[in-house]
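> Would you be able to build a 3D model of this:
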Amino acid sequence: MAKVPYQPFATESPSGARTPNVQANIPDINPAAFGGTVALATQHLGDTVQHASGEIFTRALALQQLANETEATDADSRYMEKSGLRHAEFSAKQGKEAVDAYPAYIQGLKDDRQEIRDSLSNPMAQKMYDRSSLGTQGRSIFNGAGHAATQQKVWSIGSAKAQMDLDVKAVEDDPQDPKLYEAKRRRVQAGADQIAGLQGYEAGGPQAKDLALRATSKLRAQQLIGLSRVAPFEAAAKLDEFKTELTQDDYLKVDNTVRAQGRAVGSVNIANKVYDEGKGSDERPGKSLSEMEAEARAKAKEMAPNDPILEQHAVAAVRGVYNQDKYAKQQETIANRQTVAGAIAKGSKDEQTLRADPIVAAAIDALPKTERLNIPARINSYNAAKDKVANQEHYNTLIGMSNNDVEGFLNLDPMAQNLSQGQMQSIMKRQAELKKNQNQDPRVDRAIGWMRGAMGAQMEALGVFRRTANNKDDYDHLTGTVQSALDVWQQDHQKPPSYKEFVDQIAPQVLSQRDEPGMLWGTNKKPFFTQEVPDKFSSQLKADVIAGGGVEPSEEQIYKAYVRTQLIKLYGKKDSK
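Purely as a prediction, here's the structure:
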């Protein structure tokens, strides 16, 4: 235990100092005597506890701050992803669609941002998210505005160009209406000015003027091209008149089109007129080809003095018309001549007897005048030949000709030969036998020639332009079908078809496409002249022929019979058998 010092007597005496200045002189006391060490230790413990509490708070605050930042960063990442998808979808829109979609694009960005913000756990995280997401939203809106503005311009320019194209088309379709042209020219000019403004060109500047020139040049060019289709020579005159309104490219384009159209139409018109005036008739002789060519050159020079190429086209057109008509008449004359010869061979005392048959009468009328006048002499010659001694040598020559020169043999008139009646009939029989082969039938040969001239491209495409080792079956089917078609036509019309009737009505049917069932499914396109004969038809025909006492028909005969039925369905009359 601590001890206090003690003395039983006074050790101090009174001093002379006044009372207010009394001071107690207390000696140093040891704190340990009064528990100071314990108090000091307690004090240090409190300081330590206080410091530890502050450290824990600071660390807890930091952890929460980190959690808020992480949550805000994750939310911002999700918003950037959503806004990126929206921007990609919006950027894919073009023209008016992009312009109309822009407000919805902005609202979608705002809605996405607010939706993600509402999902955060506390206001501090939301505050952090706001700082970053507002920047993303602003950039997205700004970029979208740029795309919308660009597409607004594209839309406006596209609309103006489309309207200009419609105006140009309207003028091309009606090129002879000056009021329509002037109205469309003003609108095209306005459209060009609008486009120039949208592209940032200075009003009245060189770029704007160039744009307007190209627009109005196109309008004038298409007007002239449209005019060339209905009045080619008027279009050529107007091309020279409006040359200064056209760009160089448009002028060259229109010049080529107008000149070509004028040559094509002009040469055909010249050729038809020259040939119609010069082909002659029974009453007057026709002009020679060289005379017609000279007339065609003169008319072409008169029509277009500065276009020498038109002369060449006109001459070529005259030759084409001349040769085509000459060939057609030649083939028709041969066919009519043979028809009359066959009728005479059956026995006729005069021309009136021959004309009792309408087909023979039509053939007589179609012959040249000199041959028509010679028919009575031919009848007499044939009848007189009954009493003549057969000229065997000449007959043998003609038989040899039938083997070596089939075309020449079929073209000769048996009754004009120095033969007996029996020899004439023999020659006619030989001609009939040769005609059984459709490839040697002059009617078929003439018709195939017409077909090659008018529809050669289709025949080439079908592989039957000429008979070759690779297309014998198809070519024979074609000629057989043509022969049947000619027979059906002559039976129903009482006369052979003319060139125009064959080319316009018969040939397109023969070469037309028909549907045939495929091997497994669907249908195949096959030309009409390659028919598949149904088994039912074949068996019925055989039965009918045998029942009538005839010999069973061959496959080729059956095929021809079936083709004939199909042709009758196409253009035969109801009473055709």
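
> Not counting sequence-adjacent ones, nearest residue to the residue positioned nearest the centre of the chain?
Nearest residue to the geometric centre of the chain (CA atoms, centre = their mean): Lys169, 18.6 Å. Distance criterion CB to CB, 6 or more residues apart in numbering; nearest residue to Lys169, sequence neighbours excluded, is Gln222 at 7.5 Å. For the C-beta atoms, the positions are set from N, CA and C on the backbone; glycine is no exception.

> on that earlier part again, what's the average pLDDT for the strand or helix carrying the residue nearest to the centre of the chain?
Using DSSP states H and E, Lys169 falls within helix 123-173. Across helix 123-173, the average pLDDT comes to 86.

> Now the element after that helix, going C-ward?
Using DSSP H and E, the helix or strand that follows helix 123-173 in sequence is helix 178-198.

> what's that next one packed up against?
Applying 3 or more CB pairs under 8 Å, 6 or more residues apart in numbering; DSSP states H and E, one finds that helix 178-198 makes contact with helix 123-173, helix 206-230.

> so which of the ones you listed is the most packed in?
Mean neighbour count (mean count of other CB atoms under 10 Å) peaks for helix 206-230 among these, with a mean of 19.

> tilt between it and helix 123-173?
40 degrees (axes from the mean of the first three to the mean of the last three CA atoms, to 10 degrees).

> which outside residues touch helix 206-230?
Helix 206-230 is contacted by residues 164, 167-169, 171-176, 181, 184-185, 188-189, 191-193, 195-196, 199, 201-202, 234-236, 238-239, 242, 245-247, 250-251, 253-254, 257-258, 261-262 when judged by CB atoms under 8 Å, 6 or more residues apart in numbering.

> go again using 7 Å as the cut-off
Outside helix 206-230, the residues within contact range by CB atoms under 7 Å, 6 or more residues apart in numbering are 164, 167-168, 171-173, 175-176, 181, 184-185, 188-189, 191-193, 195-196, 201-202, 234-235, 238-239, 242, 245-247, 250, 253-254, 257-258, 261-262.

> And the next helix or strand past that helix?
Following helix 206-230 in sequence, per DSSP H and E, is helix 232-241.

> Please point out which parts of that next one sit buried.
Pro232, Phe233, Glu234, Ala235, Ala236, Lys238, Leu239 (16 or more other CB atoms under 10 Å).

> ok, and what's touching that helix?
Leu224, Leu227, Ser228, Val254, Asp255, Val258, Arg259, Gln261, Gly262, Val265, Gly266, Met303.

> other SSEs contacting the helix or strand following that helix?
Scanning forward in sequence from helix 232-241 by DSSP H and E, the next helix or strand is helix 248-278. Packing partners of helix 248-278 (3 or more CB pairs under 7 Å, 6 or more residues apart in numbering; DSSP states H and E): helix 206-230, helix 232-241, helix 289-303, helix 308-345.

> Any chance of TSV for these, columns distance to Ile558?
What follows is the helices and strands packed on helix 248-278, written out as TSV (distance: least, CB to CB, whole Å):
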stretch	distance to Ile558
helix 206-230	51
helix 232-241	54
helix 289-303	48
helix 308-345	27
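
> Redo these as a markdown table? Include distance to Glu89 and mean pLDDT.
Output for the helices and strands packed on helix 248-278, formatted as a markdown table (distance: least, CB to CB, whole Å; pLDDT from 0 to 100):
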| stretch | distance to Glu89 | mean pLDDT |
| --- | --- | --- |
| helix 206-230 | 34 | 86 |
| helix 232-241 | 52 | 79 |
| helix 289-303 | 64 | 83 |
| helix 308-345 | 60 | 81 |
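
> mind listing what's buried in the helix or strand encompassing Ala363?
In this assignment (DSSP H and E), Ala363 forms part of helix 358-366. Neighbour-count burial for helix 358-366, counted by 16+ other CB under 10 Å, picks out Ile359, Val360, Ala361, Ala362, Ala363, Ile364, Ala366.

> I figured the second one was touching Ala343, is that so?
If I follow you right, that is Val360. Yes: using CB atoms under 7 Å, Val360 and Ala343 qualify as a contacting pair, with a distance of 4.3 Å.

> overlap in contacts of the two?
Counting by CB under 7 Å, 6+ apart, the residues touching both Val360 and Ala343 are Leu354.

> quick one: contacts of stretch 335-354?
357, 359-360, 363-364, 366-367, 375-376, 378-379, 382, 413-415, 424-425, 428, 442-443, 446, 496.

> buried residues in that stretch?
335-345, 348, 351, 354.

> Equivalent analysis for stretch 305-325, please.
Asp307, Leu310, Glu311, His313, Ala314, Val315, Ala317, Val318, Arg319, Val321, Tyr322, Gln324.

> Just flag the most distant two among these.
Asp307 and Gln324 (25.2 Å; CB to CB).

> Helices along the stretch 351-500 of the chain, start to end?
According to DSSP state H, counting those that start in this stretch, the stretch 351-500 of the chain carries its helices in the segments 351-354, 358-366, 369-373, 375-384, 392-404, 406-411, 421-436, 442-462, 472-493, 499-501.

> of the ones you listed, which approaches Arg139 most closely?
helix 442-462 (62.8 Å).

> as a whole number, average confidence for the closest one?
Mean pLDDT, helix 442-462: 86.

> hmm, back to that, Gln64 is nearest to which of the helices and strands packed on helix 178-198?
Counting by CB to CB, Gln64 lies closest to helix 123-173 out of the helices and strands packed on helix 178-198; the figure is 7.9 Å.

> what distance separates the closest one from the centre of its chain?
34 Å (CA atoms, centre = their mean, to the nearest Å).

> Can you spell out which helices and strands pack onto that helix?
helix 36-91, helix 95-118, helix 178-198, helix 206-230.

> Show residues contacting the third one.
Going back to what we said before, that points to helix 178-198. 153, 156-157, 160-161, 163-164, 167, 170-171, 174, 203, 207-208, 211-212, 215-216, 219, 223.

> The second one too?
If you take CB under 7 Å, 6+ apart as the criterion, helix 95-118 is touched by 75, 78-79, 82-83, 86, 90, 93, 126, 129, 133, 137, 140-141, 144, 147-148, 151-152, 154-155, 158.

> Alpha carbons only: can I get it in PDB?
What follows is helix 95-118, C-alpha atoms only, in PDB (Å, rounded to 0.1, in the frame of the first residue of the first chain):
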ATOM      1  CA  GLY A  95     -35.400   7.300 -97.900                       C
ATOM      2  CA  LYS A  96     -38.800   8.300 -96.500                       C
ATOM      3  CA  GLU A  97     -38.900   5.200 -94.300                       C
ATOM      4  CA  ALA A  98     -35.800   6.400 -92.400                       C
ATOM      5  CA  VAL A  99     -37.300   9.900 -92.000                       C
ATOM      6  CA  ASP A 100     -40.600   8.700 -90.700                       C
ATOM      7  CA  ALA A 101     -38.900   6.200 -88.300                       C
ATOM      8  CA  TYR A 102     -36.500   8.800 -86.700                       C
ATOM      9  CA  PRO A 103     -38.900  10.000 -83.900                       C
ATOM     10  CA  ALA A 104     -39.700   6.400 -82.900                       C
ATOM     11  CA  TYR A 105     -35.900   5.800 -82.900                       C
ATOM     12  CA  ILE A 106     -35.300   8.600 -80.400                       C
ATOM     13  CA  GLN A 107     -38.200   7.500 -78.200                       C
ATOM     14  CA  GLY A 108     -36.900   3.900 -78.200                       C
ATOM     15  CA  LEU A 109     -33.400   5.100 -77.000                       C
ATOM     16  CA  LYS A 110     -35.100   7.000 -74.200                       C
ATOM     17  CA  ASP A 111     -37.300   4.100 -73.200                       C
ATOM     18  CA  ASP A 112     -34.400   1.600 -73.200                       C
ATOM     19  CA  ARG A 113     -32.300   3.900 -71.000                       C
ATOM     20  CA  GLN A 114     -35.100   4.500 -68.500                       C
ATOM     21  CA  GLU A 115     -36.000   0.800 -68.400                       C
ATOM     22  CA  ILE A 116     -32.400  -0.100 -67.400                       C
ATOM     23  CA  ARG A 117     -32.200   2.800 -64.900                       C
ATOM     24  CA  ASP A 118     -35.300   1.600 -63.100                       C
END
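
> could you give the angle of it to helix 123-173?
Going by the same axes, to 10 degrees, helix 95-118 makes 170 degrees with helix 123-173.

> Okay then, goodbye and thanks.
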